[in-house]
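Undergrad: Starting from these lines, generate the structure:
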Amino acid sequence: MDASFIPGLLHAAEICDQFCSENAMISHDEILRICRAGEEMTMEKMDHSVIHTAKSHAAREIAAFLRRLASEGSKA
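TA: Presented below is the predicted three-dimensional model:
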């Protein structure tokens, strides 16, 4: 891999980390909102939270993958 790609990969990983954090907060806030409202927890009401949790996990995995690519590229 061309070494000129490494800074871009690391920047993309940082953006993924930010996306991960934001979606984790959205998920957590949605769960708190449901709990504070005293609403019954149903799968339908949890859909929004589950979607943002999945986005958070995906972003974390993508960031890790991008960092591995950058690490392997710097060794070459």
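Undergrad: When you work out contacts or count neighbours from here on, use the C-alpha atoms and nothing else.
TA: Fine.
Undergrad: buried ones in the helix or strand hosting residue 11?
TA: Assigned by DSSP states H and E, residue 11 falls within helix 6-36. Judged by neighbour count using 16 or more other CA atoms under 10 Å, the buried positions of helix 6-36 are 6, 9-10, 12-14, 16-27, 30-31.
Undergrad: what packs against the following helix or strand past that helix?
TA: Downstream of helix 6-36, the first helix or strand assigned by DSSP H and E is helix 43-75. When contacts are defined as 3 or more CA pairs under 8 Å, 6 or more residues apart in numbering; DSSP states H and E, helix 43-75 packs onto helix 6-36.
Undergrad: Can you tell me which helices and strands the helix it packs on packs against?
TA: Packing partners of helix 6-36 (3+ CA pairs under 8 Å, 6+ apart): helix 43-75.
Undergrad: any idea of the mean pLDDT for the helix it packs on?
TA: The pLDDT scores in helix 43-75 average 93.
Undergrad: Next, the angle helix 6-36 makes with it.
TA: 160 degrees (axes from the mean of the first three to the mean of the last three CA atoms, to 10 degrees).
Undergrad: how far is helix 43-75 from where the chain is centred?
TA: Taking CA atoms, centre = their mean, to the nearest Å, one finds helix 43-75 lying 4 Å from the centre of the chain it belongs to.
Undergrad: Show me which positions of that helix end up buried.
TA: The neighbour-count check on helix 43-75 (16+ other CA under 10 Å) flags 49-50, 52-53, 55-57, 59-64, 66-67, 69-70 as buried.
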